[in-house]
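*Asks:* Just need the structure, nothing else, for what follows:
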Amino acid sequence: MTIEDNALGAELRRRRVAAGLSLSELAHKVHCSRSFLSRVETGKRRASVELAQLCDQVLDANGALTDLAPPSPESLPRPVRTGSGRRTARPAGAGHASRAGAQRRQEFDRLLRRGDLSHTAGDMREADRLYRAALHGAAGDPRAQAEAVIRMARRWSDPGQVDHELLHLIRSSLAELQGDGGAEAVGLRLRLTAHLAKKVAMAVSEDTAAGRVGPEEGAGLAADTLSRLSADGRDARDDEVRCKVLTECRWARYDFAPAADALALSQRLHDAAVRLDSPYFHGEALMALVIDQLRTGRVYSALATASQYRKYAADTRSVLVTWQRHTLDALLDLWHGRFDVAADWILGESPKYIEGLNADLAVPADALRQTRLGQAFWLLREQGRMAELFTSELAEDVERHAYFPIWRAGLALALCETGQHAEGADLLAGFAADTVAFSRFPPSGWAVPTLVVLAEVCAALDIQGGYEDRLRELLPGLRERLAPHHGQQIALAGWPTVLVGSTARARGLLALAAGEPQAALGHFRQGAVPARSSQPELARLRLAEARALRGVGGPGNEDRARSLLREALRSARAYGMAQLAAQCGRLLGDPEDTDSV
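*Replies:* You can find the predicted model right below:
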């Protein structure tokens, strides 16, 4: 007979194979026969708690296998006795009810543990199935059901859209816990509210929001939840609760809080995750930290954190985490000009990962595809191959996701860089005409890379000439919204996808298009700090600064401008940035500088 629920055997085999051990090698280490261990893995024999504990130690499973082992008779609940040794008098049937309740709780805990293992392995479909089973099995126990809902809320949602089912489950759980003043209930409410805040804040427009409750309300709810995290009692300050609240509330406030504030939250999350010693929160904290370090221009700190994330990914052995690690590496490769290395992942391996994850693990494919699409778009842009966008399936994907403002901005940039300036100007005018949507841009988050890409569109139209009226309509609003983002900040698109450039350079491009070259020079000098970590960004900055110097005029500025253009041209050639090299050559107007462009 095969054991119907062979969670322990399946997990044992997965961990053994991942550790590179044969059945014989593991059997020798845990002092049992190879055949017996084989029958445990295939579900033909039950493993004892003692064997599971030994396997835990050898495979460094941190108790995961022991948790899946069937309980020994000594671990089952015993009847409560009085001090005299007599069994406490109970109504008829009470013992059976108590045993049934204990068994239900054991089954609930087992389902949660198995769900956690599936989630850690990246199998979101199986994790969701197990969490749902735990939720239904805990009917009548609001606290247990809230715990299951919190686990379910880990699942990914489609980018820019809310998950209506989860919103309903979270709100129902909060209503069931209303009036429960216990310390455990306080912590559950905090975690549920943090999830609610994030899920509501996922929307990018009224069309993708949850009724009248938009992302602003989600950000406000997150701020309130964070304030209660420090004010509530002892259990509310438990590190598991703290990690969950910090993780979800940081994301809920991502589009509304300054990047420096988000960095402070991610640092708090990292400290709490270290104390808790949770692999799940350790990974969440490292990814949050590297994202916020990049956004604040701390590129070298981000490189160190990315190195830690690679080690975490290797230890976790999750296919999903591995995909995230490769995506982060590709982002850094694009920033540093390692375009061939980035292309190997973006155009080669990434589509295969996405196909496998979508087919086997039920990860929302749109989240993965948009990340890959963003990196492919930027790779083509950096290499001056934007024309290929319109001869591939990528252009259709860009248009399909036009409910995201950044994709409309990206399409306008692609049109300008392929000589279709009139069409690009029409898209740009759409932002100016849609005053309601434009006014609802959040102060941070996805709005920043969108504004930076729009600044690139304005620069392209300014260089082309003839679009002064169109630019005049949009420039004041763009400059006003980018004004708070100065200094060393870098615009990060996606979570994470690509670094689209420094906000200081974008502000300089807008000032240049507005006919203020002297102000533009001030912004470009600020942008030199984050640009030092990226030769491609530095080349673009030198080109922009040369244009500003020519606009200012005066003694020595033309010579300085030509020197900057030659430096930018050398970098563009070295890194294979054909479009940028051509721009530099045209501005130099010198045959010897344009021959190899």
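*Asks:* Can you tell me which helix or strand of this protein has the lowest average pLDDT?
*Replies:* Among the helices and strands of the chain, helix 591-594 carries the lowest confidence by mean pLDDT, DSSP states H and E, at a mean of 48.
*Asks:* Tabulate the CA atom coordinates of stretch 498-508 in PDB.
*Replies:* What follows is the C-alpha trace of stretch 498-508 in PDB, where atoms were taken according to Å, rounded to 0.1, in the frame of the first residue of the first chain:
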ATOM      1  CA  VAL A 498      16.000  48.400 -15.300                       C
ATOM      2  CA  LEU A 499      17.700  51.500 -14.100                       C
ATOM      3  CA  VAL A 500      16.500  54.100 -16.700                       C
ATOM      4  CA  GLY A 501      18.900  56.800 -15.600                       C
ATOM      5  CA  SER A 502      19.500  59.500 -12.900                       C
ATOM      6  CA  THR A 503      16.700  61.900 -12.100                       C
ATOM      7  CA  ALA A 504      19.200  64.700 -12.100                       C
ATOM      8  CA  ARG A 505      20.000  64.100 -15.800                       C
ATOM      9  CA  ALA A 506      16.300  63.900 -16.600                       C
ATOM     10  CA  ARG A 507      15.700  67.300 -14.900                       C
ATOM     11  CA  GLY A 508      18.600  68.700 -16.900                       C
END
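*Asks:* And the strands in this structure?
*Replies:* With DSSP state E as the definition, the chain shows strands at residue ranges 490-493, 498-502.
*Asks:* would you turn those strands into TSV with distance to A133 and mean pLDDT?
*Replies:* All C-beta atoms are positioned from the backbone trio N, CA, C, and that covers glycine. Putting these into TSV (distance: least, CB to CB, whole Å; pLDDT from 0 to 100) gives the following:
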stretch	distance to A133	mean pLDDT
strand 490-493	38	96
strand 498-502	39	97
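*Asks:* need those in CSV with mean neighbour count and distance to A561, can you?
*Replies:* As requested, these are arranged in CSV below (neighbours: other CB atoms under 10 Å; distance: least, CB to CB, whole Å):
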stretch, mean neighbour count, distance to A561
strand 490-493, 27, 25
strand 498-502, 28, 20
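*Asks:* Just list the residues touching L454, thanks.
*Replies:* L454 makes contact with A409, A412, L428, F431, L474, L478 under the criterion CB atoms under 8 Å, 6 or more residues apart in numbering.
*Asks:* Report the contact partners of Q375.
*Replies:* With contact set as CB under 8 Å, 6+ apart, Q375 has these partners: T327, A330, L331, L334, A342, I346, S350, T497, V498.
*Asks:* So which of those are in helices?
*Replies:* Taking DSSP state H as the definition of helices, those contribute T327, A330, L331, L334, A342, S350.
*Asks:* hang on, the earlier thing: need the worst-confidence member of the contacts of Q375.
*Replies:* The weakest per-residue confidence within the contacts of Q375 falls on S350 (91).
*Asks:* Am I right that that one is in contact with T327?
*Replies:* Yes - under the contact definition of CB atoms under 8 Å, S350 touches T327, with a separation of 7.4 Å.
*Asks:* which neighbours do those two share?
*Replies:* Counting by CB under 8 Å, 6+ apart, the residues touching both S350 and T327 are R372, Q375.
*Asks:* For P215, which non-adjacent residue is closest in space?
*Replies:* Closest residue to P215 apart from its sequence neighbours, by CB to CB, 6 or more residues apart in numbering: A201 at 4.4 Å.
*Asks:* now the one you found: how far from T450?
*Replies:* 17 Å (CB to CB, to the nearest Å).
*Asks:* related to what we said a few turns ago, I'd like the strands of the chain as TSV, with distance to T322 appended.
*Replies:* Formatted as TSV, the entries for the strands of the chain read as follows, by distance: least, CB to CB, whole Å:
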stretch	distance to T322
strand 490-493	21
strand 498-502	20
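*Asks:* quick one, which of these is nearest to E399?
*Replies:* strand 490-493 (17.3 Å; CB to CB).
*Asks:* Could you pull up phi and psi at T42?
*Replies:* The phi and psi values for T42, taken as degrees, to the nearest 10, are phi -90, psi 0.
*Asks:* That one reaches G9, doesn't it?
*Replies:* Yes - taking contacts as CB under 8 Å, T42 lies within contact range of G9: 6.3 Å.
*Asks:* who has more neighbours, A201 and T450?
*Replies:* With other CB atoms under 10 Å as the criterion, A201 and T450 differ in neighbour count, and A201 comes out ahead with 30 against 26.
*Asks:* correct me, but the more buried one touches A252?
*Replies:* Yes - with contact defined as CB under 8 Å, A201 counts as touching A252 (4.2 Å).
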